[in-house]
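>>> From the sequence below, what's the structure:
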Amino acid sequence: MTRFSANLGFLWSGRPLVDAIHAAHDAGFDAVECHWPYDHDPAEVKAALDATGLAMLGLNTLRGDVDSGDNGLTALPGRRDEARMAIDHAIAYAGFINKPKIHVMAGFAEGMQAEACFVDNLRYATKAAKDITFLIEPLNQYDAPGYFLNHTDQARRVIESVGAANLKLMFDCYHVQIIEGDLTRRLKANLDIIGHIQFAGVPSRGRPDRGEIDYRHVFAHIAEMGYDAPLGAEYKPEDGDTDSSLGWMETLR
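Here you go, the predicted model:
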């Protein structure tokens, strides 16, 4: 049976994180993950996780100055200190809540200098916390035009350049379908470097039982490959009501 993680960056996003964790448990999710939990007391978050028995699978590094257009710092030459502060902050927060995986956000950049910067900062991260798995995620050109990491082949090159066992690929089926398509072959080709899998409907990024992807087929393929970790539901409920959007859990589980 497929297990699911609720991404609380999008699901129950109008509730405080602690309340959202309890809502995910009540809805039958097997785990949770989030985007930027830093405004919430980690002791309260951990207490909610302990009370529900849910694991927090992942969180993101801070994006930087969002009002100025930042969407990550790690591949931005000239901002190394800020990038490493964001990494350190994520490591410290993760340490309070049983060390979930950390998605290290690259930011808007391009070129070899940006790649060298990204690799250097990722080496810093993977050495700073060898007991934490770090993730990098390609984002599609429509949702994040100009984002540095934009293809799974590029992600593999970066991961191999860093050369750390605790650096993996966040394979988001939504983004990869838009960027590359051919999902089942791309999953198989990257299984050796995948650290987490996410999903949403394409092209709307809405509930996964709508749109152009047959997730019954995709999830069966993932299971056949031997991947059995919870899959991250990172979608935006079309009407904003998470509870009314969860019918897919029965049909896709």
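>>> Output the contacting helices and strands for the helix or strand of the chain with the lowest mean pLDDT.
Least confident helix or strand, the chain: helix 248-252 with a mean of 94, by mean pLDDT, DSSP states H and E. Packed against helix 248-252 by the contact rule (3 or more CB pairs under 8 Å, 6 or more residues apart in numbering; DSSP states H and E) you find helix 215-224. The C-beta positions use only the backbone N, C-alpha and C, and glycine is treated the same way.
>>> so K168, which of the three states?
What DSSP: H, G, I helix; E, B strand; the rest coil gives for K168 is strand.
>>> Neighbours of it, how many?
20 (other CB atoms under 10 Å).
>>> now swap in A165 and tell me
For A165, using other CB under 10 Å, the count is 9.
>>> Same check on G14?
G14: 9 neighbours (other CB under 10 Å).
>>> Specify the local secondary structure of the nearest residue to it once chain neighbours are set aside.
In this structure, G14 finds its nearest non-sequential neighbour in G240, 7.6 Å apart by CB to CB, 6 or more residues apart in numbering. Of the three states, G240 takes coil under three-state DSSP.
>>> The stretch 151-253 of the chain: helices as residue ranges?
Along the stretch 151-253 of the chain, counting by DSSP state H, counting those that start in this stretch, helices occupy 152-162, 173-179, 183-190, 215-224, 248-252.
>>> which of these sits most buried?
Burial of those is given as mean neighbour count (mean count of other CB atoms under 10 Å); helix 173-179 ranks first at a mean of 23.
>>> outside of that helix, which residues touch it?
137-143, 150-152, 183, 186, 197-203, 205, 212-213, 215, 218, 234-235 (CB atoms under 8 Å, 6 or more residues apart in numbering).
>>> Ok, stretch 244-253 next?
Against stretch 244-253 from outside (CB under 8 Å, 6+ apart): 1-2, 4, 27-28, 206-209, 215-216, 219, 235, 237-239.
>>> how long is that stretch from one end to the other?
Distance between the two ends of stretch 244-253: 17 Å, counting by CA to CA, to the nearest Å.
>>> same question, stretch 106-116
Stretch 106-116: ends 12 Å apart by CA to CA.
>>> and of the helices of the stretch 151-253 of the chain, who's closest to F96?
helix 152-162 (25.8 Å; CB to CB).
>>> So which elements touch that closest one?
Using 3+ CB pairs under 8 Å, 6+ apart: helix 152-162 touches helix 112-128, strand 134-136, strand 167-172, helix 183-190.
>>> okay, it in PDB with CA atoms only?
Extracted in PDB, the C-alpha atoms of helix 152-162 (Å, rounded to 0.1, in the frame of the first residue of the first chain):
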ATOM      1  CA  THR A 152      17.400  16.000 -13.500                       C
ATOM      2  CA  ASP A 153      20.500  15.600 -15.600                       C
ATOM      3  CA  GLN A 154      21.900  18.800 -14.200                       C
ATOM      4  CA  ALA A 155      21.000  17.700 -10.700                       C
ATOM      5  CA  ARG A 156      22.900  14.500 -11.200                       C
ATOM      6  CA  ARG A 157      25.900  16.400 -12.400                       C
ATOM      7  CA  VAL A 158      25.800  18.500  -9.300                       C
ATOM      8  CA  ILE A 159      25.300  15.600  -7.000                       C
ATOM      9  CA  GLU A 160      28.300  13.700  -8.500                       C
ATOM     10  CA  SER A 161      30.400  16.800  -8.300                       C
ATOM     11  CA  VAL A 162      29.700  17.200  -4.600                       C
END
